[in-house]
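Q: okay, sequence plus prediction incoming.
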Amino acid sequence: MTSLKAIATALLLILSAAIGSASAQTNKPAEIGFGIFTFTSGPAAAYGMPGRNAAELVINQINASGGIGGVPIKPIYVDEGLGTDGVIAEFRRLASDNANQVMIAALSSANCLALAPVAEQLQMPTFMWNCDTHQLFLKDSYKYVYRTNSSTVPEFVADVLYLLSVDPTFKTIAIINPDYAFGRDAGLIVKETLKALKPDVEIVAELYPKLGSPSYNTEISRLVSAQPNVIFSNFWGADLENFVRQAAPRELFARSKVILALGESALQHVGTLLPDGVIIGVIGDGYWLAPDAQRKPQTRAFVESYRQRFNEYPVFPSFKMANTLYAVKAVYEKALAINKDRWPTRDDLVAAAKNLKTDTLTGTLSLREDNDGLVDQIVGVTKKDPAYPFPVMGEMVRYPATMVTPPAGTDPIAWIESLKPSILATVPKPGSYK
Amino acid sequence: MIANYLPLLVDGLADAALIFFVAVGLTLVFSVLRILNVAHGSFYALGAYLSVVIGTFLAGRGWPVLSLGALVISPLLIALMLGPLIERTLLRWTYGRPEALQILVTFGLFLILEDLQKLVFGVQPYSQDISMQLLGTSHIGGIVYLNYQLLLIVLAVMVGIFLRLLLKKSRIGKLIVAVVADEELARTVGIDAPRVFLLAFSIGVFLAALGGALASPTIGVAPGLGAEIIVLAFAVVAIGGLGQIEGAAVAAILVGFTRAAAIYFAPEFQPVAPYLVMVAVLIFRPYGLFGSIGLRRI
């Protein structure tokens, strides 16, 4: 009798395990884990927190409306302030848990370059929400890695096009960027673009202070003494805010035309220190006051929710994160449609992401054959607006992504070198984006 | 011609001033307690944080001028709260122990203070530049400088002179010098050496926190600030000679000028410039510019 009971129990256990296993394969999970990587500590948090805030809002909104395919998202936030080694360790830990199906990583270009081969090795669908470096897909192609935003090439080519539209006669330029992949890439792109479109420009100073440097006072003296017509910088986060705070009282913005390629992200904090006419980039199309954003009720609702929740307006890193999450939702929905509602595997997801074109809060995102993203670029200048206690962007241009992005499979720098000054006659003019 | 190099002079001195506050505190603590305090940079960071918080509070209450006072009150509070506490509870047990143990203890203290700082002030960057704005700007060599930067140079000189006078002329200073010269003999003649240790350590904490507080209006305050400055302070102390106040001043000026010159003429070398100077000095003078074996250290 005892042995019969034991056999029955064993059979029951085996049966339930088999049913459970089949259920796991075919049914929806209770929730899907998203690893979300951004800076929530240190100087970079000034840029990273708006991304995290947007993730919180968008995920709450998606979950409130039933989740993805009826399954709620469970976000797991990882602070990139851990450093690259720590970020890789966290990525591996999260990827080893089958409950985590997608990684939204990362903010830092250096972390992206380090994570891409790891994502490939672990076969983890990874959507790079902010990494801009054009080196991401330069030498390696990936199956599991997508970039849901643009790269450094369209971002900084757009800045130079704008500069040449507003001031075609300038003779000298100085560059001050952070000393790592993103800053160095930007310096190279700006120089190469100028060499192609205005070869008579002289680079009078080129400075790459340490990322996270607390003080730029000597660099500011050097920039002022070089007397450049134009200063280009792709500082971001607290570096950008510190630079503006330290440079403004020393009249740097009054003496040279300054391009702050990521300036929109700091307008609400230090914008009042800037005079009108500073060229401001968005690196992408995520500007909350852009005409396309203002036309969409969903975007206006997002902006209002963000303002109420966090007491400030969303900046472009917020939109990069929000647009990435909506793009991943679109990937899931496409995969579910292809699978006829069978819950997608990791491989199903990356297959569905291929050639995805989706509407975002601020325009459209296309994922190309090479997994890189195509996003329009908005550039403008600071302009005081009595409706806000900080300057907004005026004289905006929206450069179509295809105009400023190298085609898939081409060497980005070689593509820049192939640009001709005649392109300036064909690009949209400042103020044309209304 | 000279006018062309004037900005370099001002930038070098302004940089040197901020490094000096930290380095001179580090060297004072070493000369009296014989401890190389790795946690010294944390006091710099805490000084910066507290100054920003108090300054912001005062400015928010409509008293922006008082935020200048916060630059002195904050380091004083930190020195009074942490100086005696750390010296009495932690450091006194390491006196006379192997140097490796002392460094490990102060490194542990550094880690604790870094985490404490995150716990109290969070991980977001802080900034508060009202003190800087209040003082306006000046034109030197065609470049606009903040008067606050010039004030830092003056304050560094004043602190250097004050310290020298304190040690040479005051009773407290003479007691410190006696303990530095021969602690055993000092005790036998009735000098309360533990009290001198406590005092010297608290002055060191004050100087580090003062450096942080004075730097705070011109920088962004974020986690990692302490680690950054302590590495630089070690380089300055090594160049000047361990325990040498004049050495710290000269080394700070040397490092400040080298860093400024690197930014002007060879930006690629800026991050390594102080350490190249350190290596160059130590090759020819292994005990630093002012250091020597077996001589009195103060």
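A: Yep, it's here.

Q: wasn't A:S215 part of a strand?
A: No - assignment of A:S215 by DSSP: H, G, I helix; E, B strand; the rest coil gives coil, placing it outside any strand.

Q: got a pLDDT number for it?
A: pLDDT, A:S215: 88.

Q: how close does it get to B:I239?
A: Applying Cβ to Cβ, to the nearest Å, the value for A:S215 to B:I239 is 21 Å. Just so you know, the C-beta spots here come from the backbone N, C-alpha and C atoms, and that holds for glycine as well.

Q: looking at these two, which is more packed in?
A: The neighbour comparison of A:S215 against B:I239 (other Cβ atoms under 10 Å in any protein chain shown) goes to B:I239, with 30 against 18.

Q: excluding chain neighbours, what is closest to that one?
A: B:A251 (3.8 Å; Cβ to Cβ, 6 or more residues apart in numbering or on different chains).

Q: buried sites along stretch A:48-67?
A: Across stretch A:48-67, burial judged by 16 or more other Cβ atoms under 10 Å in any protein chain shown covers A:48-59, A:61-63, A:67.

Q: outline the domain layout of chain A.
A: A:1-29, A:32-150+A:293-367, A:153-283+A:376-425 (automatic domain parsing).

Q: can you tell me which of the ones you listed the model trusts least?
A: When the domains of chain A are compared on mean pLDDT, domain A:1-29 scores lowest, with a mean of 51.

Q: residue boundaries of the helices in chain B?
A: B:2-33, B:40-60, B:67-89, B:99-121, B:130-134, B:147-169, B:171-181, B:183-188, B:193-215, B:225-240, B:245-265, B:273-284 (DSSP state H).

Q: using the three-state scheme, assign the residue nearest in space to the middle of chain A.
A: Geometric centre of chain A, nearest residue: A:N130, 2.6 Å, by Cα atoms, centre = their mean. Recorded secondary structure, A:N130: coil (three-state DSSP).

Q: mind checking the SS state of the nearest residue to it once chain neighbours are set aside?
A: Closest residue to A:N130 apart from its sequence neighbours, by Cβ to Cβ, 6+ apart: A:L107 at 4.5 Å. Using three-state DSSP, the structure places A:L107 in coil.

Q: returning to that earlier point: pipe the helices of chain B into CSV and attach mean pLDDT per row.
A: Formatted as CSV, these follow (pLDDT from 0 to 100):
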stretch, mean pLDDT
helix B:2-33, 89
helix B:40-60, 95
helix B:67-89, 95
helix B:99-121, 93
helix B:130-134, 88
helix B:147-169, 94
helix B:171-181, 90
helix B:183-188, 90
helix B:193-215, 95
helix B:225-240, 93
helix B:245-265, 94
helix B:273-284, 95
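
Q: how near is the residue in the stretch 151-298 of chain B that chain A sits nearest to to A:S265?
A: Closest to chain A within the stretch 151-298 of chain B is B:I219: 3.6 Å, counting by Cβ to the nearest Cβ. Distance, B:I219 to A:S265, using Cβ to Cβ: 20 Å.

Q: with B:V281 instead?
A: Distance of B:V281 to A:S265, computed by Cβ to Cβ: 42 Å.

Q: leaving out sequence neighbours, find the closest residue to the residue in the stretch 51-200 of chain B that chain A sits nearest to.
A: Residue nearest to chain A within the stretch 51-200 of chain B: B:V123 (3.2 Å; Cβ to the nearest Cβ). Setting aside the residues directly before and after it, B:V123 is nearest to A:S41 in space (Cβ to Cβ, 6+ apart), at 3.2 Å.

Q: need phi/psi at the residue lying closest to A:F170 once chain neighbours are set aside.
A: Excluding its sequence neighbours, the residue lying closest to A:F170 (Cβ to Cβ, 6+ apart) is A:N229, at 3.9 Å. With angles defined as degrees, to the nearest 10, A:N229 sits at phi -70, psi -40.

Q: now do A:N229: how many residues are near it, please.
A: By other Cβ under 10 Å, the residues close to A:N229 number 18.

Q: swap in A:A425?
A: 6.

Q: ditto for B:G173
A: B:G173 has 16 nearby residues by other Cβ under 10 Å.

Q: tell me which parts of chain B are close to chain A?
A: Within chain B, the positions lying close to chain A (Cβ under 8 Å from any Cβ of the partner chain) are B:7-8, B:10-11, B:14-15, B:118, B:123-125, B:127, B:129, B:132-133, B:137, B:141-146, B:149, B:215, B:218-225, B:228, B:259-260, B:263-264, B:267-268, B:270-271.

Q: mark which of these are buried, thanks.
A: When these are checked for burial by 16+ other Cβ under 10 Å, the buried set is B:7-8, B:10-11, B:14-15, B:123-125, B:127, B:129, B:132, B:137, B:141, B:143-146, B:149, B:215, B:218-225, B:228, B:259-260, B:263-264, B:267, B:270.

Q: quick one: contacts for the residue lying closest to A:L336 once chain neighbours are set aside?
A: Excluding the flanking residues, the one nearest A:L336 by Cβ to Cβ, 6+ apart is A:G69, at 5.0 Å. A:G69 makes contacts with A:28, A:332-333, A:336, A:341, A:343, as judged by Cβ atoms under 8 Å, 6 or more residues apart in numbering or on different chains.

Q: name the member of those residues that has the highest neighbour count.
A: Neighbour counts for the contacts of A:G69 (other Cβ under 10 Å) peak at A:Y332, which has 24 neighbours.

Q: and A:N242, what element?
A: For A:N242, the host element (DSSP states H and E) is helix A:237-247.

Q: report the backbone C-alpha coordinates of whichever helix or strand comes after that helix in PDB.
A: Downstream of helix A:237-247, the first helix or strand assigned by DSSP H and E is helix A:252-255. Output of helix A:252-255 as PDB, limited to C-alpha atoms (Å, rounded to 0.1, in the frame of the first residue of the first chain):
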ATOM      1  CA  LEU A 252      32.500  82.700 -22.700                       C
ATOM      2  CA  PHE A 253      29.100  82.700 -24.300                       C
ATOM      3  CA  ALA A 254      29.300  86.400 -25.100                       C
ATOM      4  CA  ARG A 255      32.700  86.200 -26.800                       C
END
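
Q: can you list the neighbours in contact with helix A:252-255?
A: With contact meaning Cβ under 8 Å, 6+ apart, helix A:252-255 is reached by A:220, A:223-224, A:227, A:231, A:247, A:258, A:273-275, A:278.

Q: now do the SS call for the closest residue to A:S256 other than its chain neighbours.
A: Take A:S256 and drop its neighbours on the chain: the residue closest to it by Cβ to Cβ, 6+ apart is A:I231, 4.8 Å away. Classification of A:I231 using three-state DSSP returns strand.

Q: show me what contacts A:I231?
A: Going by Cβ under 8 Å, 6+ apart, A:I231 touches A:173-176, A:223, A:252, A:256-259.

Q: in helices, which of those fall?
A: Secondary structure from DSSP H places A:223, A:252 of the contacts of A:I231 in helices.

Q: how about CSV for the contacts of A:I231, with neighbour count added?
A: Putting the contacts of A:I231 into CSV (neighbours: other Cβ atoms under 10 Å in any protein chain shown) gives the following:
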residue, neighbour count
A:I173, 26
A:A174, 24
A:I175, 24
A:I176, 26
A:L223, 27
A:L252, 22
A:S256, 22
A:K257, 19
A:V258, 27
A:I259, 25
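
Q: just the contacts of A:I231 now: which is nearest chain B?
A: Closest to chain B, out of all of the contacts of A:I231 and judged by Cβ to the nearest Cβ, is A:L252, at 8.4 Å.

Q: any idea how far A:Q246 is from the closest one?
A: 9 Å.

Q: again with B:E87
A: Counting by Cβ to Cβ, the gap from B:E87 to A:Q246 is 36 Å.

Q: cool, and B:L101?
A: Distance of B:L101 to A:Q246, given as Cβ to Cβ: 41 Å.

Q: re earlier: closest to A:M103 out of the helices of chain B?
A: Minimum separation from A:M103 across these (Cβ to Cβ) falls at helix B:99-121, 25.7 Å.

Q: how far away from the center of its chain is the closest one?
A: 17 Å (Cα atoms, centre = their mean, to the nearest Å).
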